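Trainee: Sequence first, predicted coordinates after that:
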Amino acid sequence: MQALALSGWPQAWRHAGAAGAGVLLTFAFAPFNLWPLAVLCPALMMALWEDASPRTAVHSGFWFGAGTFAAGTWWLYISLHTIGQAPLWIAVPLMLALVAVMACYYALLGWLVARWLPAQGALRWLLGLPGAWLLIEWWRGWFLSGFPWLSLGYSQADTWLAAWAPVLGVYGVSALLLLMGGALLTLWCGQGWRRVLAAAVLVLPWLGALGLQRIEWTRGSGAPVTVAIVQGAIPQDQKWIERNLEPTRVLYRQLNDQALGARLVLWPESAVPQLANEMVDFLRDIYARSERAGSDVVMGAMRVADNGQDYYNSMMALTAPLSFYDKRHLVPFGEYFPVPDRVRSWLRLLSLPYADFTAGTDRQPALQAGGLKLAPTICYEDAFGSAQLAVLREAEVLANVTNDAWFGHSPARYQHFQISRLRAIEAQRYLLRAANDGVSAIVGPRGEVLQQASEYRASVLRGTVEPRTGLTPYARIGNWPVVLLAMAAALFAVFAALRRRRT
């Protein structure tokens, strides 16, 4: 067996190499799109785990995760401090806490790799490592509310491998990238037939993707529908100032008038910073203007329930009758605060936000407007792909409203847009995306950007979409086949290692 040069590195070098690989991995995602790094960086991390003790593997895994999420989510500082005006002594620890929590997943992965997998060989590189890594990536996407940001598969939105998403979902694409990372390690360390197998693993996913690109998993179910997306582009630090409320209403009324004539008009998340219950006259005026022009308006809006206690972040269809979609996956410490009442009182004294939204129910029907059945998502809940599968059985078009102005001119908006595009590919449906100041766009059923509004400018984006029905394989079965295969691969490698140790 060929010796691996990295296995002789001192611990400090391993940790520095792991942190560097983690930082580099973020460049695989938008807006940089250096997608080969999604294979190379995991392969380097796998190499750094070779011959490592459990303690060393834990530390290097932690530094890999820390590098990834420090470089990939630094923009949280903008939302917390620059825009949210939280003091530095609160903003920085909160940001670092998220980085540390995410890094702990990779620390756990390092321990599992060093403690349970075979020391070397194809079982480790092509089964154990990819399977265990994929399980950790899937787990962090839902555990403790979940944070699926920077899942490897999103990096492939513009490559052939995206053709696997309608079959396997984003985690299936991640699994292929991890297999290829393991194959690179096998080519480096293995011999004979193992290298032949590794070469096949590197090539076959791309050949399979070429064939999958030709398959139409869904079909058109009606004539094209004209749509318009309204982008107000109100700076986030100005949006919630009370004296700007009336100018905001005027702006959106003007933009909506420009959009009239389109069968469906979509506004961004919380477009007007006021409870819908408190702007009834304004909404009636928008409805009347739109109805006369044959347009239906769907807008992001905050509202309070009839009980006066439950507040919702919603999408509201100004149709007869009025209908709502209530956001289900709320942002911890942004839309709800999982803290005791005593802490809430302390936040109130500091003049920090502390009010909670209420999560919508898990099963909500498609929103019907403009002659379309919409699968709605608000803000980053579109990162939870499996949560949308139930509504796809009736929905014809995806609709996401968001406000990424919270993160300034940072990569966050492009990372989020990349996630949204993967949802369109998985469902093989058109996507309408309305953002406060970008990225607002119309996306095709293969993730292609058909039209995109200029960022940071008030505008109206017009286009057409085709309603589509039918379910992709992923929409039918979700993540479980990929998760179970990853579990089987990891367990097979573990049992093989245990058997060898007994002999």
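Mentor: Arrived safely. Since this is a predicted model, take the numbers as computed values, not measurements.

Trainee: C-alpha from now on. contacts and neighbour counts both.
Mentor: OK.

Trainee: what are the ranges of the helices in the stretch 51-200 of the chain?
Mentor: In the stretch 51-200 of the chain, the helices defined using DSSP state H, counting those that start in this stretch lie at 54-72, 76-77, 88-116, 122, 129-140, 165-189, 193-212.

Trainee: okay, these in JSON lines with mean neighbour count next?
Mentor: Supplementary listing: the helices of the stretch 51-200 of the chain in JSON lines, determined by neighbours: other Cα atoms under 10 Å:
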{"stretch": "helix 54-72", "mean neighbour count": "25"}
{"stretch": "helix 76-77", "mean neighbour count": "22"}
{"stretch": "helix 88-116", "mean neighbour count": "19"}
{"stretch": "helix 122", "mean neighbour count": "24"}
{"stretch": "helix 129-140", "mean neighbour count": "23"}
{"stretch": "helix 165-189", "mean neighbour count": "26"}
{"stretch": "helix 193-212", "mean neighbour count": "16"}
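
Trainee: So which of those helices is nearest Thr361?
Mentor: helix 129-140 (22.4 Å; Cα to Cα).

Trainee: Run the angle between that closest one and helix 165-189 for me.
Mentor: Taking axes from the mean of the first three to the mean of the last three Cα atoms, to 10 degrees, one finds helix 129-140 and helix 165-189 inclined to each other by 140 degrees.

Trainee: hmm, back to that, save the helices of the stretch 51-200 of the chain as a markdown table, and put in distance to Gly370 and mean pLDDT too.
Mentor: Listed next are the helices of the stretch 51-200 of the chain as a markdown table, based on distance: least, Cα to Cα, whole Å; pLDDT from 0 to 100:
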| stretch | distance to Gly370 | mean pLDDT |
| --- | --- | --- |
| helix 54-72 | 38 | 97 |
| helix 76-77 | 36 | 93 |
| helix 88-116 | 40 | 95 |
| helix 122 | 54 | 93 |
| helix 129-140 | 36 | 98 |
| helix 165-189 | 26 | 97 |
| helix 193-212 | 32 | 96 |
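
Trainee: Compare the ones you listed and give me the one nearest Gly20.
Mentor: Once the helices of the stretch 51-200 of the chain are compared by Cα to Cα, helix 54-72 is nearest, at 6.6 Å.

Trainee: Now Asn256: closest residue in space, sequence neighbours ignored.
Mentor: Val230 (6.9 Å; Cα to Cα, 6 or more residues apart in numbering).

Trainee: any idea which element the one you found lies in?
Mentor: Using DSSP states H and E, Val230 maps to strand 225-231.

Trainee: for Gln415, same thing?
Mentor: Here Gln415 is assigned to helix 412-427, by DSSP H and E.

Trainee: these two touch, right, Phe27 and Leu37?
Mentor: Yes: counting by Cα atoms under 8 Å, Leu37 is a contact partner of Phe27 at 7.2 Å.

Trainee: And the residue nearest to Asn256, how far from Thr319?
Mentor: 18 Å (Cα to Cα, to the nearest Å).

Trainee: out of the two, which sits in the more crowded spot?
Mentor: Ranked by neighbour count (other Cα atoms under 10 Å), Val230 and Thr319 place Val230 first, with 28 against 17.

Trainee: so that one touches Ala262, yeah?
Mentor: No: using Cα under 8 Å, Val230 is not in contact with Ala262; the gap is 11.4 Å.

Trainee: where do the helices sit along the stretch 201-350 of the chain?
Mentor: In the stretch 201-350 of the chain, the helices defined using DSSP H, counting those that start in this stretch lie at 236-239, 245-259, 280-292, 341-349.

Trainee: How far off centre is the shortest one?
Mentor: When you say that, I think you mean helix 236-239. Distance of helix 236-239 from the chain centroid (Cα atoms, centre = their mean, to the nearest Å) equals 25 Å.

Trainee: repeat for the longest one
Mentor: The chain centroid and the centroid of helix 245-259 are separated by 30 Å, computed with Cα atoms, centre = their mean.

Trainee: So which elements touch that helix?
Mentor: Packing partners of helix 245-259 (3 or more Cα pairs under 8 Å, 6 or more residues apart in numbering; DSSP states H and E): strand 225-231, helix 280-292, strand 459-465.

Trainee: what's the average pLDDT for it?
Mentor: Average pLDDT, helix 245-259: 97.

Trainee: Buried residues, that helix. List them.
Mentor: Leu245, Thr248, Arg249, Leu251, Tyr252, Arg253, Leu255, Asn256, Ala259 (16 or more other Cα atoms under 10 Å).

Trainee: Pick the one among these closest to Ala71.
Mentor: Relative to Ala71, the closest of the buried residues of helix 245-259 is Thr248; by Cα to Cα it sits at 34.5 Å.

Trainee: which residue packs closest to the closest one, ignoring adjacent ones?
Mentor: Of all residues not flanking Thr248 in the chain, Val272 sits nearest, at 6.5 Å (Cα to Cα, 6+ apart).

Trainee: per-residue pLDDT, that neighbour?
Mentor: 96.

Trainee: From what I see, it and Pro247 are in contact.
Mentor: No: with contact defined as Cα under 8 Å, Val272 does not count as touching Pro247 (10.0 Å).

Trainee: helix/strand/coil for Thr358?
Mentor: coil (DSSP: H, G, I helix; E, B strand; the rest coil).

Trainee: count of residues packed around Ala488?
Mentor: Other residues lying near Ala488 total 16 when counted by other Cα under 10 Å.

Trainee: Distance of it relative to Leu266?
Mentor: 44 Å.

Trainee: now swap in Ala317 and tell me
Mentor: 9 Å.

Trainee: Mind checking which of these two has more residues around it?
Mentor: Neighbour comparison, Ala317 and Leu266: the larger count goes to Leu266, with 30 against 25 (by other Cα under 10 Å).

Trainee: In CSV: the buried residues of helix 245-259, plus distance to Leu178.
Mentor: Conversion of these to CSV gives the following (distance: Cα to Cα, whole Å):
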residue, distance to Leu178
Leu245, 49
Thr248, 47
Arg249, 49
Leu251, 48
Tyr252, 46
Arg253, 49
Leu255, 46
Asn256, 46
Ala259, 45
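
Trainee: what's Arg457 in contact with, if anything?
Mentor: Each residue near Arg457 by Cα atoms under 8 Å, 6 or more residues apart in numbering is listed here: Gln231, Gly232, Ala233, Asp437.

Trainee: what separates the residue minimising distance to the centre of the chain from Leu197, distance-wise?
Mentor: Nearest residue to the geometric centre of the chain (Cα atoms, centre = their mean): Ala383, 3.0 Å. Separation of Ala383 from Leu197 (Cα to Cα): 34 Å.

Trainee: Distance check, Ala162 against Gln451.
Mentor: Between Ala162 and Gln451 the distance is 20 Å, computed by Cα to Cα.

Trainee: Thank you, goodbye.
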